[in-house]
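Asks: predicted model and sequence follow; I will ask about them next.
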Amino acid sequence: MLCFALKYHKPIDKITVDKNLPKLRKYQLTDAEWMVLRELITVLKCYKQATLYFSWNLATTAGVIPAMDRLDNHLKSAGMDEALHPAIWAAMKLACNKMDQYWRKTDDSNVYHITMVLHPGLKLQYFRTQDREEEWVKVAENLTHEEYVDNYKDKVPPPAQKNTAKKVQ
């Protein structure tokens, strides 16, 4: 909707200033408001993509976490841009706080840690590339090891032994 409004801002301006349509005058935007709309669209594009991704039935923990990292990085980099309108800047700060709440929830989840560590394309290296503290990476590694020892180690059959004895005919 916002993209549509921005794309057609000139016709919208013409309609909202038309004296024959007085009920629409209250919807007329100033140049400053159109600028805020442009900034808002730029900021929200990343969130639209993430929302669509999270809405898929195929979204997994191993896929959601990197998406959250992208959102978080976007928030932090865009939030540093003090040239943004103060309302957008303030909203991004609130979004940063919300993301921090979500991260705290993932920190409390062993499933999150283990899923990321066991994912063939992520492993512990993912945490390091995301600048997680080494202590945090070690916790993820230890949780995964403990889960294996507690629940799987004794349940895995030993590897099959190769028969090296020659068959006697």
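Replies: Received the coordinates, thanks.
Asks: tell me which residue is most central in the chain.
Replies: The centre of the chain sits closest to M68, judged by CA atoms, centre = their mean, with a distance of 2.0 Å.
Asks: verify the stated contact: that residue with K98.
Replies: No: between M68 and K98 there is no contact under CB atoms under 8 Å: 11.1 Å. Heads up, the C-betas are built off the backbone N, CA and C, glycines and all.
Asks: which stretches of the protein form helices?
Replies: For the chain, the helices defined by DSSP state H occupy 2-7, 9-17, 31-55, 61-79, 86-107, 110-118, 123-129, 134-151.
Asks: can I get those helices in a markdown table with distance to P159?
Replies: Listed next are the helices of the chain as a markdown table, based on distance: least, CB to CB, whole Å:
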| stretch | distance to P159 |
| --- | --- |
| helix 2-7 | 57 |
| helix 9-17 | 68 |
| helix 31-55 | 39 |
| helix 61-79 | 27 |
| helix 86-107 | 35 |
| helix 110-118 | 20 |
| helix 123-129 | 23 |
| helix 134-151 | 16 |
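Asks: least reliable of those helices by average pLDDT, please.
Replies: In terms of mean pLDDT, the lowest-scoring of those is helix 61-79 (a mean of 83).
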